[in-house]
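Visitor: sequence first, predicted coordinates after that:
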Amino acid sequence: MELTTINTRTAKPTSSHVRGLKLAALALGSSLVLAGCAGNPPTEQYAVTQSAVNSAVSAGGTEFAAVEMKAAQDKFKQAEIAMHDKKYDEAKRLAEQAEWDARVAERKAQAAKAQKAVQDARQGVQDVRQEGLRSAQ
């Protein structure tokens, strides 16, 4: 039995083919990284914002700080829509803005209530003075 060797050529990939594969791998990797970043819903911020809006309503924000309260509620609703559409960066930004609007509304409501309490106290002091003056005469 005689052994014969056969010369076969293996096709070497061309440099443009290799470059194309590298670019495709890079594009795929970049897409996965970007998708990973965008895939984190801001659930913690969403919960904080919901709590802030509820606190502002309880403090009387709708009565004493209507503009700020409406802004907070509108932005919170927009954040909900963005969350539903998986636009998490936008949802987080809107939720943060809504939180701060709600906090401003709450502080304004607290300040307005405190000012009303001061006015009521002053009126009470004035009434007591007048009563004291009438008694003394």
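Guide: Perfect, thanks for sending it. Numbers count the residues shown, from 1 in each chain.

Visitor: ramachandran coordinates for residue 41?
Guide: The phi and psi values for residue 41, taken as degrees, to the nearest 10, are phi -70, psi 140.

Visitor: roughly how far does it sit from residue 92?
Guide: According to C-beta to C-beta, to the nearest Å, residue 41 stands 9 Å off from residue 92. Every C-beta, even on glycine, is put in place using the N, C-alpha and C of the backbone.

Visitor: ok, these two, which is more surrounded?
Guide: A direct count of neighbours by other C-beta atoms under 10 Å for residue 41 and residue 92 places residue 92 higher, at 21 against 14.

Visitor: tell me the secondary structure for the spatially most central residue of the chain?
Guide: The structure's the chain has its C-alpha centroid closest to residue 95; by C-alpha atoms, centre = their mean the separation is 2.1 Å. Three-state assignment for residue 95 (DSSP: H, G, I helix; E, B strand; the rest coil): helix.
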